[in-house]
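Colleague: pasting the sequence and the predicted coordinates here, then a few questions.
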Amino acid sequence: LFWSAGRIDWWQGWAALAVMTVWIAATAWIVLRLNPALLAERMGRRSDDKPWDIAIVTLMGLITLARYIVAGLDQRFGWTGGIPLQAQLLALGLCMLGYDVLFVWATAANPYFSRIMRIQTDRGHRAVSGGPYRFVRHPAYAGGILYELAVPILLASWPALLVSLVSASVLVARTALEDRALMAELPGYADYARRVRFRLVPRLW
């Protein structure tokens, strides 16, 4: 962000960094204090990791890098103008809701919250229905998509929003692929899916 912007006196960039810092710190606390077994699960690769999910995670990392570079360049060269401060502050709130609330809540509620999708038969994997999973089947992805769409507004960059639309679309595809795999391979997930009908947005999808 700051390298491509060519400046560090950019409060929106620091605000985006703060949201990510809170998310990382909260996730670390959850893993280390509430569910230490998840630390080993999230470290390294497993032979039964889904290859398509490895590809998606790699792609998401590259898209995220591109978004922040584009947003910084927009700040440097002034491609976007006229986004009101109120809209940026609202976007900051949505970023916090997406990552620091929904994503963190999902991590705390799901002891099988792996970085790469796999059926964790070695850990007694079962369908989780508590916390935000009472409302949608993939609340962390819902929070991630909310952040993806809000952070370009916080950073006042329409070109960055175009990049984020790609990453949000990839997350929707990841949701569909993961849901299909869980439905086919995880015992009890089909029953859970009948109770919680929607994947990302209640009454929509």
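Modeller: Looks like it came in fine. All figures in this text were calculated on a predicted structure; none of them were measured in a lab.

Colleague: what about Arg46, which SS state?
Modeller: Under DSSP: H, G, I helix; E, B strand; the rest coil, the three-state class of Arg46 is coil.

Colleague: number of residues surrounding it?
Modeller: Neighbour count for Arg46, taken as other Cβ atoms under 10 Å: 13. Any C-beta I mention is one placed from the backbone N, CA and C, and that applies to glycine too.

Colleague: how close does it sit to Leu102?
Modeller: When distance is defined by Cβ to Cβ, to the nearest Å, Arg46 is 26 Å away from Leu102.

Colleague: try Asp53
Modeller: For Asp53, the distance to Leu102 equals 20 Å [Cβ to Cβ].

Colleague: now do Leu177
Modeller: In terms of Cβ to Cβ, Leu177 sits 20 Å off from Leu102.

Colleague: which strands or helices does whichever strand or helix holds Tyr141 pack on?
Modeller: Using DSSP states H and E, Tyr141 sits in helix 139-154. Using 3 or more Cβ pairs under 8 Å, 6 or more residues apart in numbering; DSSP states H and E, the elements in contact with helix 139-154 are helix 11-29, helix 51-77, helix 85-95, helix 104-109, helix 158-185.

Colleague: most tightly packed of the ones you listed?
Modeller: Across the helices and strands packed on helix 139-154, averaging neighbours per residue (mean count of other Cβ atoms under 10 Å) puts helix 104-109 on top, at a mean of 20.

Colleague: minimum distance to Ala40: which of the helices and strands packed on helix 139-154 has it?
Modeller: Across those, Ala40 has its closest neighbour in helix 11-29 (14.4 Å, Cβ to Cβ).
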